[in-house]
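Enquirer: Build me a model:
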Amino acid sequence: MKFRNLTLLALIFFTLQSCVDNEAYFGSGGGVDNPEIYTRLADIIKHENVPTDTIAFNPLEDSNISGTFGVEINIPANSCILGSNELPDELFVVLREYPTLSKMALSNVQTESNQEMLVTGGNFWWKIIDADGRDWDIVQPSQITATQPVVLDMGEYADQAAYFTGDIISGGSQQVINWTQVRNNESGMGPNNVFEYNGLQLRWANVDALYQYPDERTQLSAVLNPNDDIQPNQEMLLLIVEDFPSVINIYTKQGDSFVTHNNAIPVGLSGTLVAIALDNNDELLIGSTDITVAGDDEFSIDIAPGSMSQLTSLINQITN
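Expert: As a prediction, the model looks like this:
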């Protein structure tokens, strides 16, 4: 009898501990002790969720700019211009790097090109400003070179890696990035998985290869559950692909469902759907579900109150 009681106590402890571990990622059905309150989803998942380097340089001389995660930008002397303004002896490069899927997902940086999936090796954003915060341009972008370490495993696509630039476009109620390959450009993967940019333009730069779709393509849809307390336009759904490095923002809504573009998803694709939303009390809601695409699938993602640290832990767990 004593042994049975000890066994029962151990089972109860294990069950309670399992519940605690699960709630560490998703919160509990009854809410969390200190729910995190936000007024807009755009204040949570934003490009500024990575370190921002502000690096001074002398534009009158050849300059090498080094970022936190290894990006290096080479700017020849007298390459900067702002109308008829005299070139000062100090300007600043503002640089943000997104070398991993977790940083992309948490920063609303997606990897699609005209509704086609990309295999990504990482990306960054940069600009040049003066002491007054004014944006400066490049006289000849063809003279700007850069290197970017690629830590993501692009597999067989590494040999096809190319330079893509990004433009912010409207995706439903969100702002998303659409990537376009730079043509007639000699950028490419160099030794030791370091991508070499030639003719680097300002703003967004991405190491990518167009995904080679199999014969069978489909679309998927997903609904957040429960969804009756979600604020209008304050929800988003990410697909973090398992088979190759890519993050997709599924932003199109049909009724209560998120839907991908037609024929945008390969049959057999594996990944994880991550839902992020705000309820009518401005409380953060999160949830996720693993998927394998069979064809015209309809998925449901359970969401519950959580915190930004829990969301970060969840995405780090999915992408590692």
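Enquirer: Make sure Leu314 is indeed in a helix.
Expert: Yes - under DSSP: H, G, I helix; E, B strand; the rest coil, Leu314 sits within a helix.
Enquirer: Please identify the helix or strand for the residue nearest to Ile230 when sequence neighbours are not counted.
Expert: Nearest residue to Ile230 in three dimensions, chain neighbours excluded: Ala277, at 4.9 Å (C-beta to C-beta, 6 or more residues apart in numbering). Any C-beta I mention is one placed from the backbone N, CA and C, and that applies to glycine too. Following DSSP states H and E, one finds Ala277 within strand 270-279.
Enquirer: Show me what that strand is packed up against.
Expert: Judged by 3 or more C-beta pairs under 8 Å, 6 or more residues apart in numbering; DSSP states H and E, strand 270-279 is in contact with strand 220-225, strand 230-241, strand 284-292, strand 297-302, helix 308-319.
Enquirer: Throw these into a markdown table and include mean neighbour count, mean pLDDT and distance to Trp204, thanks.
Expert: Shown next, in a markdown table, are these (neighbours: other C-beta atoms under 10 Å; pLDDT from 0 to 100; distance: least, C-beta to C-beta, whole Å):
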| stretch | mean neighbour count | mean pLDDT | distance to Trp204 |
| --- | --- | --- | --- |
| strand 220-225 | 20 | 97 | 27 |
| strand 230-241 | 20 | 95 | 19 |
| strand 284-292 | 19 | 97 | 27 |
| strand 297-302 | 16 | 96 | 29 |
| helix 308-319 | 17 | 96 | 21 |
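Enquirer: so where's the stretch 1-150 of the chain shaky on pLDDT?
Expert: Residues of the stretch 1-150 of the chain meeting the criterion pLDDT under 70: 1-35.
Enquirer: give me that answer again for 90
Expert: Within the stretch 1-150 of the chain, the ranges that satisfy pLDDT under 90 run 1-36.
Enquirer: ok, now the stretch 151-300 of the chain?
Expert: Scanning the stretch 151-300 of the chain for pLDDT under 90 picks out 170-175, 214-215, 227-228, 262.
Enquirer: if we can go back for a sec, relative to Asp137, which of the helices and strands packed on strand 270-279 is closest?
Expert: For Asp137, the closest of the helices and strands packed on strand 270-279 is strand 230-241, at 32.9 Å, according to C-beta to C-beta.
Enquirer: Tell me the strands beside the helix or strand just after that closest one, with direction?
Expert: Going down the chain from strand 230-241, the next helix or strand is strand 247-249, by DSSP H and E. Strand pairing for strand 247-249, using DSSP bridges, gives strand 230-241 (antiparallel).
Enquirer: Mind exporting the C-alpha coordinates of the strand it pairs with to CSV?
Expert: Extracted in CSV, the C-alpha atoms of strand 230-241 (Å, rounded to 0.1, in the frame of the first residue of the first chain):
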residue,chain,number,x,y,z
ILE,A,230,-9.5,38.3,-31.5
GLN,A,231,-9.2,42.0,-32.4
PRO,A,232,-9.9,42.7,-36.1
ASN,A,233,-6.6,42.9,-38.1
GLN,A,234,-4.5,42.0,-35.1
GLU,A,235,-3.6,38.4,-35.9
MET,A,236,-0.9,36.8,-38.0
LEU,A,237,0.0,33.3,-39.1
LEU,A,238,3.6,32.2,-40.0
LEU,A,239,4.7,29.0,-41.7
ILE,A,240,8.2,28.0,-40.6
VAL,A,241,9.3,25.4,-43.1
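Enquirer: Report the angle between it and helix 308-319.
Expert: Angle, strand 230-241 to helix 308-319, by axes from the mean of the first three to the mean of the last three C-alpha atoms, to 10 degrees: 30 degrees.
Enquirer: Give me the distance from strand 230-241 to the chain's centre.
Expert: 13 Å (C-alpha atoms, centre = their mean, to the nearest Å).
Enquirer: quick one, it and strand 284-292 angle?
Expert: Per the same axes, to 10 degrees, the angle that strand 230-241 makes with strand 284-292 is 40 degrees.
Enquirer: So for the strand holding Ala277, what gets flagged as buried?
Expert: For strand 270-279, the neighbour count (16 or more other C-beta atoms under 10 Å) marks 271-279 as buried.
Enquirer: Let me have those in a markdown table, adding distance to Asn78 as columns.
Expert: Output for these, formatted as a markdown table (distance: C-beta to C-beta, whole Å):
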| residue | distance to Asn78 |
| --- | --- |
| Gly271 | 47 |
| Thr272 | 48 |
| Leu273 | 50 |
| Val274 | 46 |
| Ala275 | 50 |
| Ile276 | 45 |
| Ala277 | 49 |
| Leu278 | 48 |
| Asp279 | 54 |
